[in-house]
Structures are given as C-alpha cells and as structure tokens.
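*Asks:* what would the 3D arrangement of this be:
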Amino acid sequence: MFNSILKKTAIFSVLFSMLYLNTEAFASSRIKDIADFEGVRDNQLVGYGLVVGLNGTGDNIRSIDFAKESIISLLDQIGINARDGQLKSKNIAAVMVTANLPPFARQGSRIDVFVSAMGDAKNLQGGTLIATTLAGADGEVYAVAQGPISVNGISAQGANQSVTRGVPTSGKIPNGAIVENEIPFVFDNMENIRIALRNPDFTTSRRISDAINANLGVQTAKALDAGTVSVDVPQEYKNNLVALMTRIEQLQVQPDQLAKVVVDQSSGIVVIGKDVKINKLAIAQGNLTIKISEVPFVSQPLPFSDGETILATDTLVNIEEENDSRLTVLNTGVNLQELVDGLNALGVTPHDLISILQAIKASGALQADIEVI
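*Replies:* Residues are numbered from 1 along each chain as shown. Sure thing, here's the model as predicted:
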C-alpha cells in the first residue's frame with residue numbers, strides 16, 4: 001500500500017515537472033489554434049428515423065406509440081397497409097439522428113452521423129438506419145443519412161444476470177450522410193473579417209491584432225473586445241481572401257490566461273496553471289484512523305447456578321494517528337514547481353492534493369480560481 005502511494009506521488013510529481021519545464025517552449029500558438037474566423041463554422045443537423053434489423057432488442061411497439069406510428073407510416077409509403085394488423089416486431093427502433101455540417105460542405109460530400117435510441121430499445125448493434133432527412137435550425141433539409149450502425153457498447157443478458165458495457169443504445173455511422181444542399185456563404189467578396197477567440201481575453205485579443213498589423217505592415221487589425229478582432233481586408237487581398245486568411249492563421253501569438261486550478265474529483269486529476277500563486281502559509285497533512293471492531297464471545301454461568309449460556313460481543317476501539325505528519329511552510333508568491341515540491345514533501349497523493357488546494361483557497365491564500373469538473 002505504501003509503495004503504491006509513493007509510486008503514484010512520484011508519477012504525479014514528474015507530470016507536473018514536465019508541464020512546468022515545457023511551459024515556455026510551447027508558450028506561442030498559431031492564431032488558427034486559439035481562434036476561429038467568424039462565419040466559418042459547423043452547422044448542427046437533426047432528424048428522426050427508424051433503425052431496422054435488430055435482433056429482438058428494438059422498441060416494444062405495443063407501449064411506444066410513436067414507434068408504432070412511424071412503422072405504419074413507413075409501410076404506407078411503400079404501398080403496404082399495416083393499420084389493421086397486429087404489429088409485434090421488436091426488431092425496429094425509433095431513433096434521433098444528429099450530425100455536424102462542416103463549413104463549405106458541397107453537394108455529394110459525406111459526413112458522419114450519430115444515432116441515439118428514443119424508446120425502450122436495448123441495443124442498436126447490427127441495425128441499419130433507413131433513409132432519414134437531416135434538417136438545420138431553419139427547417140431546411142441539408143443531408144440524408146442511411147447505413148449500418150457501429151456501436152461501441154455491448155450488452156448480454158441471461159436468465160438471471162445481465163452485463164452492459166458502454167452505451168449500446170447509441171452509435172455512429174461513419175460517412176453515413178450525403179450532403180444534398182449547400183449553405184450559401186459569400187466568402188471572397190468580404191470587405192472585413194472577424195476573428196473570434198475560443199478563450200476570450202483582452203491581452204490575447206490585443207496581441208493578435210498587434211501580430212497581424214506587424215506582419216501585414218499596415219494598421220488593418222483592431223481588437224474590438226476580449227473575444228473579437230476585426231481585420232479590414234487590405235487592397236492587395238481584394239478578391240483573394242483565402243491568401244489573407246492563410247497568412248493570418250499561421251502567425252504565432254502567446255495567449256494569456258487566467259490563473260486557474262482544474263480539479264476532477266472522480267479521477268483524482270489536478271491541473272494547475274503556471275501563473276497560480278499562493279501567499280505564505282503553513283500546511284500539515286496527516287490522517288486520524290479510528291477502528292471499531294466487535295469480538296463475539298460466549299458467556300457461561302457458574303457451575304450449579306440457574307444462569308443461562310448466552311452469546312455476547314466485546315467492542316474494541318483503536319485510535320491511530322500518523323506519526324510522520326509534518327508541517328510545511330510555503331513562502332509568498334511560490335510558483336507551480338515550488339507548490340508541487342512543497343506538497344510532495346508531505347507525501348500527499350493526488351486525492352489529498354485536491355483537499356489541500358480547496359482548503360488553501362478557502363483560507364484566501366490561493367491566488368487562482370478552482371474549477372471542479
């Protein structure tokens with residue numbers, strides 16, 4: 001147990017040391033990696049359809065009315081009247097189909113689609129999606145999806161036990177939709193382009209505008225706010241906006257960021273930004289263990305007495321406290337590496353570190369935000 005804790009702590013220290021040592025080497029990023037060009041974006045599509053060919057793991061159409069009506073409507077379209085029949089099939093499932101239409105997608109190109117069960121279907125493995133139209137927020141149809149579904153999850157069931165791994169009620173159809181309509185976007189005639197930062201920050205926004213102006217040699221870029229940079233298209237790039245955007249997106253900029261600590265309590269992962277600082281404080285880390293055990297014993301009466309033999313229990317309480325708990329003092333303004341070294345000096349594990357960071361934040365000594373995910 002002790003060796004396992006030491007191993008985890010050592011790995012934790014190495015990861016943070018690597019992060020700290022490589023911060024400066026990877027400080028600069030291309031504009032294309034930290035921002036998007038306004039208007040050049042994905043569009044979300046959604047549709048409703050049916051999956052057939054399931055091995056008895058589909059919807060119970062006797063209880064799922066919309067699945068039953070969808071099957072009847074589908075059969076009507078191909079000339080089969082099933083309204084007077086008793087539908088009992090469990091090989092069909094009603095599903096929602098979603099997809100992202102990338103920018104500049106042309107007619108005939110293919111996109112991936114995702115399929116999710118709507119009713120009480122148990123598994124979509126082996127199913128095939130019937131032709132389903134996919135519409136955008138404006139109600140217009142932009143793609144049609146169809147094809148066999150790939151499911152990552154598995155589900156198996158016996159008479160008295162069942163096993164499920166992953167989510168077998170959702171899946172993906174790679175290149176499962178064909179684009180039928182294009183989203184009109186006049187690109188080359190634009191007089192002005194806007195750059196939207198993925199993580200809005202005033203300093204980063206100003207750095208982007210300065211980098212663009214320095215590279216182009218003219219004052220054409222201006223930071224409008226923390227998340228937007230406006231660029232007037234220079235005369236030499238009129239009707240050739242692709243060349244301008246290619247030149248801009250390759251520029252190197254050092255993005256600024258807030259001092260933040262991100263904590264994932266479920267997995268014990270802690271990510272600390274390089275600008276995190278703490279004021280001077282003392283930290284002690286130790287555990288108090290209380291063990292309570294019940295020991296049964298038989299109580300017998302004295303010879304020739306009228307007593308009874310009974311079964312009783314004896315309660316034992318044992319309190320243990322770690323003897324190697326130490327008090328560590330961290331000075332004002334310590335950086336990431338010093339913080340990790342100080343906490344590792346206490347022999348803390350990642351889960352212990354989460355509690356310590358939250359306690360430091362509560363004391364007001366941590367000059368950063370803690371985000372728990």
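*Asks:* contacts, neighbours, all on C-alpha from now
*Replies:* OK.
*Asks:* would you map the helices across the stretch 201-350 of the chain?
*Replies:* Using DSSP state H, counting those that start in this stretch, the helices of the stretch 201-350 of the chain run over residues 202-216, 241-249, 336-344, 350-363.
*Asks:* quick one: closest of these to Ile193.
*Replies:* helix 241-249 (9.0 Å; CA to CA).
*Asks:* returning to that earlier point: so which of the helices of the stretch 201-350 of the chain gets nearest Asn189?
*Replies:* Nearest of the helices of the stretch 201-350 of the chain (CA to CA): helix 241-249, 7.9 Å.
*Asks:* now do that closest one, average pLDDT.
*Replies:* In this model, helix 241-249 has an average pLDDT of 91.
*Asks:* what's the angle from it to helix 202-216?
*Replies:* Comparing the axes of helix 241-249 and helix 202-216 via axes from the mean of the first three to the mean of the last three CA atoms, to 10 degrees yields an angle of 120 degrees.
*Asks:* quick one on the thing from earlier: mean neighbour count and distance to Ala196 for the helices of the stretch 201-350 of the chain - can I get that in JSON lines?
*Replies:* Listed next are those as JSON lines, based on neighbours: other CA atoms under 10 Å; distance: least, CA to CA, whole Å:
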{"stretch": "helix 202-216", "mean neighbour count": "19", "distance to Ala196": "9"}
{"stretch": "helix 241-249", "mean neighbour count": "15", "distance to Ala196": "12"}
{"stretch": "helix 336-344", "mean neighbour count": "18", "distance to Ala196": "30"}
{"stretch": "helix 350-363", "mean neighbour count": "16", "distance to Ala196": "32"}
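*Asks:* mean pLDDT for those: which is lowest?
*Replies:* Among the helices of the stretch 201-350 of the chain, helix 336-344 carries the lowest mean pLDDT, a mean of 64.
*Asks:* returning to that earlier point: is it possible to get a markdown table of the helices of the stretch 201-350 of the chain that adds distance to Lys274?
*Replies:* Output for the helices of the stretch 201-350 of the chain, formatted as a markdown table (distance: least, CA to CA, whole Å):
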| stretch | distance to Lys274 |
| --- | --- |
| helix 202-216 | 16 |
| helix 241-249 | 26 |
| helix 336-344 | 6 |
| helix 350-363 | 15 |
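*Asks:* of all those helices, which one is nearest Ile72?
*Replies:* When the helices of the stretch 201-350 of the chain are compared by CA to CA, helix 241-249 sits nearest Ile72, at 50.4 Å.
*Asks:* which residues are in contact with the closest one?
*Replies:* Applying CA atoms under 8 Å, 6 or more residues apart in numbering, the contact partners of helix 241-249 are 30-32, 187-190, 212, 233, 237.
*Asks:* where are the low-confidence patches of the protein?
*Replies:* Residues of the chain meeting the criterion pLDDT under 70: 1-27, 84-85, 153-165, 279-297, 304-307, 312-348.
*Asks:* let's see 80
*Replies:* Within the chain, the segments meeting pLDDT under 80 span 1-27, 61-65, 68, 72, 74-89, 153-166, 184-189, 257-259, 263-369, 371-373.
*Asks:* hang on, the earlier thing: of the contacts of helix 241-249, buried ones?
*Replies:* Buried members of these, scored by 16 or more other CA atoms under 10 Å, are 30-32, 212, 233.
*Asks:* so what sits opposite the nearest residue to Leu224 once chain neighbours are set aside in the bridge?
*Replies:* Nearest residue to Leu224, sequence neighbours excluded (CA to CA, 6 or more residues apart in numbering): Ser230, at 6.6 Å. In this structure, Ser230 bridges to Arg194, Lys222 when assessed by DSSP bridges.
*Asks:* ok so, going back, check the contacts of helix 241-249 and tell me the two furthest apart.
*Replies:* Every pair of those checked by CA to CA; the farthest is Arg30 and Asn189, at 25.2 Å.
*Asks:* list the contacts of Leu50.
*Replies:* Per CA under 8 Å, 6+ apart, neighbours of Leu50: 70-71, 92-95, 129-130, 132.
*Asks:* before we move on, which element is it in?
*Replies:* Element membership of Leu50 [criterion: DSSP states H and E] is strand 43-52.
*Asks:* would you mind putting the CA coordinates of that strand into CSV?
*Replies:* Coordinates of the C-alpha atoms in strand 43-52 are reproduced here as CSV (Å, rounded to 0.1, in the frame of the first residue of the first chain):
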residue,chain,number,x,y,z
ASN,A,43,-24.0,23.8,-38.5
GLN,A,44,-25.9,21.3,-36.5
LEU,A,45,-28.4,19.0,-38.2
VAL,A,46,-31.1,16.7,-36.7
GLY,A,47,-33.5,14.2,-37.9
TYR,A,48,-35.9,11.4,-36.8
GLY,A,49,-35.7,7.9,-38.3
LEU,A,50,-36.0,4.2,-37.8
VAL,A,51,-33.4,1.5,-37.3
VAL,A,52,-34.3,-2.0,-38.6
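*Asks:* pull up the pairing partners for it, direction included.
*Replies:* Take DSSP bridges as the rule and strand 43-52 pairs in its sheet with strand 93-101 (antiparallel), strand 128-135 (antiparallel).
*Asks:* beyond the first one, next helix or strand please.
*Replies:* Under the assignment DSSP H and E, the closest C-terminal helix or strand after strand 93-101 is strand 110-117.
*Asks:* from the middle of its chain, how far away would that next one be?
*Replies:* Here the centre of strand 110-117 is set off from its chain's centre by 19 Å, with CA atoms, centre = their mean, to the nearest Å.
*Asks:* could I have that strand exported to CSV, CA atoms only?
*Replies:* Only the C-alpha atoms of strand 110-117 are listed here, as CSV (Å, rounded to 0.1, in the frame of the first residue of the first chain):
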residue,chain,number,x,y,z
ARG,A,110,-20.3,12.8,-46.9
ILE,A,111,-20.4,13.5,-43.2
ASP,A,112,-20.6,11.3,-40.1
VAL,A,113,-23.9,10.9,-38.3
PHE,A,114,-24.7,9.8,-34.7
VAL,A,115,-27.8,7.7,-33.8
SER,A,116,-29.5,7.5,-30.4
ALA,A,117,-32.5,5.4,-29.4
